[in-house]
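A.B. asks: Whatever this is, show me its structure:
(one chain, ligands or ions: 2)
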Amino acid sequence: MSSAPQSGPTRKHGGAAPAKHQGGGQPFLSDIQELRRRAREHISQGAVTPGYHADRDTVVKLLNEALATEIVCTLRYKRHYFMAKGIHAEGVAAEFLEHAQDEQQHADQIAARITQLGGEPDFSPDGLATRSHAEYVEGDTLADMIKEDLVAERIAIDSYKEIVLYLAENDPTTRRLMEEILAKEEEHADDLASLLEGMGSH
Ligand SMILES: [Fe+2]
Ligand SMILES: [Fe+2]
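C.D. replies: Ligands and ions are numbered 1, 2, ... in the order given. Down below sits the predicted model:
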């Protein structure tokens, strides 16, 4: 069994808070910073175009990063679903499956919006993990899987919030979509925090 988490799970509604403590020695912190830096870089390229009041290229680029995030999250939850089933953790497995289905739906909604904006959804497996804000981490134990999913949700929450703020009044349709997805990710984070608490693994 791997070591217990060093910091307790986020409490209720804490999923919306920035991820500040993810246990010691985890390698993903710098990656997150790099991914966030890149997301901000794209945001700073924003320019208002006539008619459509956002920079379409920037919005499509941001949406493609969100799409990659959703695909990676779908894959990670699927992996966790089958592994949890294998160790007879049926309740947790059911939660993983439900989340996987939600993330798949988010991916579809984002892809549809990209085409509405005249862009092309990027489903290429090449570079998928790099485009994604969240990471694909398998996790050794059930608690590890839940923790990794919680970290990924918190990353998505932060980056989607930035996208919502960037879109502001310039593209209300995309903003509304991302707000809906953001609310669902916060629900996911809350579910995972409750699961961790229920396991008493901390
Ligand atoms: Fe999602
Ligand atoms: Fe999620």
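
A.B. asks: List the buried residues in the biggest helix by length in the chain.
C.D. replies: In the chain, with assignment by DSSP state H, the single longest helix is helix 56-86. For helix 56-86, burial by neighbour count (16 or more other Cβ atoms under 10 Å) applies to 57-81, 83-84. Yep, even glycine has a C-beta here, placed from its N, CA and C like the rest.

A.B. asks: so what does that helix touch, helix or strand wise?
C.D. replies: Where contact means 3 or more Cβ pairs under 8 Å, 6 or more residues apart in numbering; DSSP states H and E, helix 56-86 is packed against helix 28-44, helix 90-116, helix 128-131, helix 142-167, helix 172-199.

A.B. asks: For the shortest one, give the mean pLDDT please.
C.D. replies: Spelled out, it's helix 128-131. For helix 128-131, mean pLDDT rounds to 95.

A.B. asks: do stretch 190-202 as well
C.D. replies: 84.

A.B. asks: For it, C-alpha coordinates in PDB please.
C.D. replies: Extracted in PDB, the C-alpha atoms of stretch 190-202 (Å, rounded to 0.1, in the frame of the first residue of the first chain):
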ATOM      1  CA  ASP A 190     -17.000  17.300  -4.100                       C
ATOM      2  CA  ASP A 191     -18.000  13.700  -4.800                       C
ATOM      3  CA  LEU A 192     -14.300  12.600  -4.800                       C
ATOM      4  CA  ALA A 193     -13.600  14.500  -1.500                       C
ATOM      5  CA  SER A 194     -16.600  12.700   0.100                       C
ATOM      6  CA  LEU A 195     -15.300   9.300  -1.200                       C
ATOM      7  CA  LEU A 196     -11.900   9.900   0.200                       C
ATOM      8  CA  GLU A 197     -13.400  10.900   3.600                       C
ATOM      9  CA  GLY A 198     -15.600   7.900   3.500                       C
ATOM     10  CA  MET A 199     -12.600   5.700   3.000                       C
ATOM     11  CA  GLY A 200     -10.900   7.100   6.100                       C
ATOM     12  CA  SER A 201      -7.600   6.900   4.200                       C
ATOM     13  CA  HIS A 202      -6.200  10.000   5.700                       C
END
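
A.B. asks: Just give me the residue right at the centre of this protein.
C.D. replies: Centre of the chain computed as the mean C-alpha position; nearest residue by Cα atoms, centre = their mean is A156, 3.1 Å away.

A.B. asks: which ones are touching the residue lying closest to it once chain neighbours are set aside?
C.D. replies: Spatial nearest neighbour of A156, chain neighbours left out: E185 (4.8 Å); criterion: Cβ to Cβ, 6 or more residues apart in numbering. E185 sits next to G15, E153, A156, I157, Y160 when contact means Cβ atoms under 8 Å, 6 or more residues apart in numbering.

A.B. asks: Over to G86?
C.D. replies: So G86 contacts nothing (Cβ under 8 Å, 6+ apart).

A.B. asks: how close does it sit to M145?
C.D. replies: 12 Å (Cβ to Cβ, to the nearest Å).

A.B. asks: now E138, what's its secondary structure?
C.D. replies: Assigned with DSSP: H, G, I helix; E, B strand; the rest coil, E138 falls in the coil class.

A.B. asks: Run a quick neighbour tally on the closest residue in space to E148 that isn't next to it in sequence.
C.D. replies: Distances taken as Cβ to Cβ, 6+ apart place V137 nearest to E148, at 4.2 Å, with adjacent residues excluded. Residues near V137, counting by other Cβ atoms under 10 Å, number 20.
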